[in-house]
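Trainee: For reference, the sequence and a predicted model appear below.
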Amino acid sequence: MTRLLPILLLVGAGAACGPVRSTAYLLDADVALQAAKTAGAETYAPYEYTSAQLYLFKAREEVGYSDYQVAVEFATKASKFANEARDKALAAAQNDLPSAPSRNE
């Protein structure tokens with residue numbers, strides 16, 4: 001019985017990794033998506049923003065089916081698209097700003 005206890009503890013700890021890991025990736029993707037939204041990605045990077053939303057939605061769905069590895073993959077893609085959307089939106093918004101007059105004028 002004492003030999004079996006460490007094995008059971010390892011199995012139990014390994015079973016908990018999937019939900020914890022997928023939750024961390026989902027939170028990261030959600031934060032990245034919110035940053036993209038704040039940067040105006042809905043307007044300036046609609047493809048990337050929508051892709052991030054849909055990948056995040058699918059990642060949450062896979063967590064619901066307890067398919068944590070697939071959820072992590074979708075959440076990673078959501079983060080990637082959200083970061084691209086944010087970067088693209090920031091660059092586009094910066095190009096829309098009127099240039100400031102120089103100090104020499």
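Mentor: In hand now; what should we look at?
Trainee: hang on, residue 85 packs against residue 36?
Mentor: Yes - using C-beta atoms under 8 Å, residue 85 makes contact with residue 36 at a distance of 4.1 Å. For glycine as for every other residue, the C-beta is placed from the backbone atoms N, C-alpha and C.
Trainee: Pull up the overlap in contacts between those two.
Mentor: Common neighbours of residue 85 and residue 36, counting by C-beta atoms under 8 Å, 6 or more residues apart in numbering, are 45, 48, 49, 52.
Trainee: gap between the residue lying closest to the second one once chain neighbours are set aside and residue 26?
Mentor: In this structure, residue 48 finds its nearest non-sequential neighbour in residue 85, 3.6 Å apart by C-beta to C-beta, 6 or more residues apart in numbering. Counting by C-beta to C-beta, to the nearest Å, the separation of residue 85 from residue 26 is 17 Å.
Trainee: So which of the two has more stuff around it?
Mentor: residue 85 (29 against 21; other C-beta atoms under 10 Å).
Trainee: Tell me how confident the model is about the host helix or strand of that one, as a mean pLDDT.
Mentor: For residue 85, the host element (DSSP states H and E) is helix 68-96. For helix 68-96, mean pLDDT is 95.
Trainee: tell me what that helix is packed against?
Mentor: Packing contacts for helix 68-96, counted by 3 or more C-beta pairs under 8 Å, 6 or more residues apart in numbering; DSSP states H and E, involve helix 4-38, helix 41-44, helix 46-64.
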